[in-house]
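S.K.: coords below, sequence missing:
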């Protein structure tokens, strides 16, 4: 009887990928949240109050593991920003100098 070392992450990567639209979104969302968690723990004794504490109870010690647990628990959701429409003044300036307007 051999004992196997569990190398899978918890939560499973398949569960995490079902929460976002792509693996790139998962990496970005997880890394940004991990930085926020790390900042929270670094400033814990200073009372700055700007960083949001972890949103799940976790035995993990690493900020990225905590961030992934938050994503799996639907506590952290990625939002895709809408592209900004150019202002009317910007459009007028852009078309004034185009060739063929004479």
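M.R.: Looks like it came in fine. What you are looking at is a predicted structure, and each value in this text was computed from that prediction instead of being measured.
S.K.: residues in contact with the host helix or strand of residue 70?
M.R.: Element membership for residue 70 (DSSP states H and E) is helix 63-72. If you take C-beta atoms under 8 Å, 6 or more residues apart in numbering as the criterion, helix 63-72 is touched by 9, 11, 15-16, 19-20, 26, 29-31, 33-35, 37-38, 41, 54-56, 58, 60, 76. Any C-beta I mention is one placed from the backbone N, CA and C, and that applies to glycine too.
S.K.: From the residues you listed, list the buried ones, please.
M.R.: With burial judged by 16 or more other C-beta atoms under 10 Å, the buried subset of these is 16, 19-20, 26, 29-30, 33-34, 37-38, 54-55, 58, 76.
S.K.: What I need now is those residues written out in CSV, including pLDDT for each item.
M.R.: As requested, these are arranged in CSV below (pLDDT from 0 to 100):
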residue, pLDDT
16, 91
19, 91
20, 91
26, 93
29, 94
30, 94
33, 93
34, 93
37, 91
38, 90
54, 85
55, 84
58, 84
76, 86
